[in-house]
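Enquirer: missing the sequence, but the structure's below:
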């Protein structure tokens with residue numbers, strides 16, 4: 001009897017873990033994650049967001065909480081990158097919340113980004129990079145900020161579905 005109960009309990013625990021696995025193993029790309037937390041309803045690769053926003057969303061070169069910073073495509077970021085501003089520290093420093101930057105498929109919250117452009121227009125940006133433990137060495141070209149229409153949804157990033165642990169999906173924007 002005890003062996004039967006133990007076996008049933010073990011089976012129930014195994015089933016519970018197998019059901020929780022897919023949600024915890026979600027692999028986030030930057031664009032769907034930025035759309036989710038910013039409320040900006042643009043689809044497609046990150047390098048298309050700036051152009052798609054024209055006429056639909058306000059765009060500019062000053063950071064605001066909830067805005068999406070749109071990076072240009074580069075050799076290392078073939079499809080660009082988008083990240084949501086979670087805090088404005090100063091005119092030339094923000095904290096970003098984004099996915100698929102330092103670690104494939106993972107979410108990073110409140111990471112430092114600074115404007116290193118000569119004109120102070122956020123056209124060249126350095127971003128905190130986890131493997132280095134500080135600002136990355138590369139200054140990435142950026143188009144500017146796309147502003148959400150309503151209240152920012154950055155607080156949604158605290159949901160622990162954000163515990164995405166990475167998956168076996170290919171990474172298109174390796175650093």
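Expert: Structure received. In this text the structure is predicted, and so the values were computed from the model without any measurement.

Enquirer: gap between stretch 68-77 and the chain center?
Expert: A distance of 12 Å separates the centroid of the chain from that of stretch 68-77, by C-alpha atoms, centre = their mean, to the nearest Å.

Enquirer: which residues in the protein form strands?
Expert: Remark: strands assigned in the chain by DSSP state E are 59-60, 68-71, 81-90, 93-99, 107-115, 124-129, 134-135, 140-146.

Enquirer: With adjacent residues omitted, what lies nearest to the residue positioned nearest the centre of the chain?
Expert: For the chain, residue 98 is the residue whose C-alpha lies nearest the centre (C-alpha atoms, centre = their mean; 1.8 Å). Take residue 98 and drop its neighbours on the chain: the residue closest to it by C-beta to C-beta, 6 or more residues apart in numbering is residue 83, 3.5 Å away. C-beta: built from backbone N, CA, C; applies to glycine.

Enquirer: Then residue 92?
Expert: The shortest distance from residue 92 to any non-neighbouring residue, by C-beta to C-beta, 6+ apart, is to residue 115 (4.3 Å).

Enquirer: same check, this time on residue 80
Expert: Nearest in space to residue 80, with sequence neighbours left out and distances taken as C-beta to C-beta, 6+ apart, is residue 47 at 3.1 Å.
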